[in-house]
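Asker: Sequence unavailable; structure follows:
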């Protein structure tokens, strides 16, 4: 063998080795891509114990509904209507808008009645929800740490008043993943009067991997921007593009080891699958007429009713956490017209959602939560028929249903004025600990290492409310 021939064989061997090396990396990339797709549906972590609920639907009344006008009757307010609130009760308290030194007690304009075998007292503002009273666990003793909207909503959702902490939905996604390869684990829907903005941080992932953040679906037009490919781009071509992007990103990840790159790859792949899954999912017009009538849904409109129906469809398809925001509950004035309007928008759809989940055998494994960031003061803001109520974090109401929650009970109580949570008090951290417990997670052990410390949704606080568990 001459030198030229040997050199040629050596070069050919090096070329073959290089090819096989690149091919092995390519095959590994393909395998990794398949694993990533499979892992989207698997659990990133294992539950600490058998879960009572597989998923959550959060019905968040943004702005703060009045507990003393909806689910917490206070006859004393009616008896003392127009008299000054006891000074020792409100001393050293700040209010967002009430500036008078002697705010006046204000009774509810709406009657309360007992409903169901449980005898739960519910305001006439919620006649349809009253019909499912025996499915509810009404918590009348919740309290929070802050009285302004943005930090209060942030606190309810993340367990911290500061920005940058993961939301409850993101924790659920991180801990339990999704049961559906083709949809995000955490989806957000919004409706209502656009008085106050909704911040992305309410459903953010914080320091958790970014793929766990909530994905807002639009309620008009395409549910997701850029859901449709350009006319000249076939699905096969788009798939090839996603595959190439994935290969390039994985190659870059091998060089710099930045987890954001893999997260971006997952998001591209999920977005590609959503192009096929979301249009059918979001088309509620396919539901029978009777279902539309039950919810009060009207396809093509932006409404809480449509979103409740869509929440059921999402839950059926294995979405782990669905959060509905209904805006417009911040009634500093004209509460006698604003609250009935908001209640009419949500009452019928909520009752239909619970009944629909129950009829389909989904309520036992779906935890439904209703509430806002705080309640409203037992005192009037303003006077006359245009009165309103100010922000109130010291004692207010949420209710829960399904998903391992004891039905037909009332837990806790505020004082006779509806001012302070007094009996069997439930802090926001306790509520979040209980939600995680229903999902099979021990809130004290469910942590994420960040900047040298193990963080959790409940920080160093929180107790599971055992009385709420079935």
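Answerer: Perfect, I can see it now. For clarity, every value in this text was computed on a predicted model and none was experimentally measured.
Asker: now the helices for the stretch 51-200 of the chain?
Answerer: 75-79, 87-90, 127-130, 149-158, 168-176 (DSSP state H, counting those that start in this stretch).
Asker: Please identify the deepest-packed of those helices.
Answerer: The highest mean neighbour count among the helices of the stretch 51-200 of the chain, using mean count of other C-beta atoms under 10 Å, belongs to helix 168-176: a mean of 26. (Each C-beta comes from the backbone N, C-alpha and C, glycine too.)
Asker: for that one, packing partners?
Answerer: strand 55-62, helix 149-158, strand 186-192, strand 321-327, helix 428-438 (3 or more C-beta pairs under 8 Å, 6 or more residues apart in numbering; DSSP states H and E).
Asker: So which of these is nearest residue 306?
Answerer: Within these, the stretch nearest residue 306 is strand 186-192; the backing value is 7.7 Å (C-beta to C-beta).
Asker: on that earlier part again, can you redo the helices and strands packed on helix 168-176 as JSON lines with mean pLDDT and distance to residue 353?
Answerer: Output for the helices and strands packed on helix 168-176, formatted as JSON lines (pLDDT from 0 to 100; distance: least, C-beta to C-beta, whole Å):
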{"stretch": "strand 55-62", "mean pLDDT": "98", "distance to residue 353": "7"}
{"stretch": "helix 149-158", "mean pLDDT": "98", "distance to residue 353": "20"}
{"stretch": "strand 186-192", "mean pLDDT": "96", "distance to residue 353": "12"}
{"stretch": "strand 321-327", "mean pLDDT": "98", "distance to residue 353": "9"}
{"stretch": "helix 428-438", "mean pLDDT": "98", "distance to residue 353": "18"}
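Asker: could I get these as a markdown table with distance to residue 82?
Answerer: Formatted as a markdown table, the helices and strands packed on helix 168-176 follow (distance: least, C-beta to C-beta, whole Å):
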| stretch | distance to residue 82 |
| --- | --- |
| strand 55-62 | 28 |
| helix 149-158 | 28 |
| strand 186-192 | 31 |
| strand 321-327 | 31 |
| helix 428-438 | 33 |
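Asker: of these, which approaches residue 298 most closely?
Answerer: For residue 298, the closest of the helices and strands packed on helix 168-176 is strand 186-192, at 12.1 Å, according to C-beta to C-beta.
Asker: what pairs with that closest one, and is each one parallel or antiparallel?
Answerer: Strand 186-192 has the following strand partners under DSSP bridges: strand 215-216 (parallel), strand 321-327 (parallel).
Asker: Please work out which of those is packed deepest.
Answerer: Sort the strands paired with strand 186-192 by mean neighbour count, taking mean count of other C-beta under 10 Å, and strand 321-327 sits at the top with a mean of 25.
Asker: Touching that strand from outside, list them.
Answerer: Surrounding strand 321-327, the residues in contact under the criterion C-beta atoms under 8 Å, 6 or more residues apart in numbering are 55-63, 168-169, 172-173, 185-196, 198, 202-203, 214, 304, 307-308, 311, 314-315, 342, 345-346.
Asker: For residue 124, find the nearest of the strands paired with strand 186-192.
Answerer: Nearest of these (C-beta to C-beta): strand 321-327, 19.4 Å.
Asker: what's the angle from the closest one to helix 168-176?
Answerer: Inter-element angle recorded for strand 321-327 and helix 168-176: 180 degrees (by axes from the mean of the first three to the mean of the last three C-alpha atoms, to 10 degrees).
Asker: next structured bit after strand 321-327?
Answerer: Proceeding N to C from strand 321-327, the next assigned helix or strand is helix 335-359, under DSSP states H and E.
Asker: buried sites along that following helix?
Answerer: For helix 335-359, the buried set under the neighbour-count rule, 16 or more other C-beta atoms under 10 Å, comprises 335, 338-340, 342-343, 345-358.
Asker: Report the angle between that helix and strand 321-327.
Answerer: Relative orientation of helix 335-359 versus strand 321-327 (the same axes, to 10 degrees): 160 degrees.
Asker: Surely residue 470 and residue 404 touch.
Answerer: Yes - under the criterion of C-beta atoms under 8 Å, residue 470 makes contact with residue 404 at 5.4 Å.
Asker: what's the overlap in contacts for those two?
Answerer: Contact with both residue 470 and residue 404 is made by residues residue 52, according to C-beta under 8 Å, 6+ apart.
Asker: Which one's more surrounded, these two?
Answerer: Higher neighbour count among residue 470 and residue 404: residue 404, with 20 against 13, using other C-beta atoms under 10 Å.
Asker: so what's the more buried one up against?
Answerer: Counted by C-beta under 8 Å, 6+ apart, residue 404 has contacts 51, 52, 53, 364, 367, 438, 469, 470.
Asker: do residue 196 as well
Answerer: The contact partners of residue 196, taken as C-beta under 8 Å, 6+ apart, are 62, 63, 149, 327, 330.
Asker: Give me the spatial nearest neighbour of the fourth one, chain neighbours excluded.
Answerer: This means residue 327. What sits nearest to residue 327 in space, not counting adjacent residues and going by C-beta to C-beta, 6 or more residues apart in numbering, is residue 192, at 3.5 Å.
Asker: so who does that neighbour touch?
Answerer: Residues near residue 192 by C-beta under 8 Å, 6+ apart: 62, 304, 325, 326, 327, 328, 342, 345.
Asker: biggest separation within the contacts of residue 196, which pair?
Answerer: Using C-beta to C-beta, the two most remote members of the contacts of residue 196 are 149 and 327, lying 10.7 Å apart.
Asker: what is in contact with those two at once?
Answerer: Counting by C-beta under 8 Å, 6+ apart, the residues touching both residue 149 and residue 327 are 62, 63, 196.
Asker: from what I can see residue 413 touches residue 420, true?
Answerer: No - assessed by C-beta under 8 Å, residue 413 is found out of contact with residue 420, at 10.0 Å.
Asker: Please look at residue 94 and residue 148 and confirm they touch.
Answerer: No - Residue 94 is beyond contact range of residue 148, at 9.6 Å (criterion: C-beta under 8 Å).
Asker: Do you know the pLDDT at residue 23?
Answerer: With respect to pLDDT, residue 23 has a value of 41.
Asker: Check which residues of stretch 117-136 are buried.
Answerer: Across stretch 117-136, burial judged by 16+ other C-beta under 10 Å covers 118, 120-133, 135-136.
Asker: Looking at the residues you listed, which are in strands?
Answerer: Among the buried residues of stretch 117-136, the members found in strands (DSSP state E) are 120, 121, 122, 123, 136.
Asker: And the average pLDDT for whichever strand or helix holds residue 253 is what?
Answerer: Per DSSP H and E, residue 253 falls inside helix 235-256. Confidence over helix 235-256 (mean pLDDT, whole number) is 84.
Asker: In ChimeraX, select just the buried ones from the contacts of residue 404.
Answerer: Selection of buried members from the contacts of residue 404 for ChimeraX, criterion 16+ other C-beta under 10 Å:
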select :51,52,53,364,367,438
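Asker: Alright, I will stop here.
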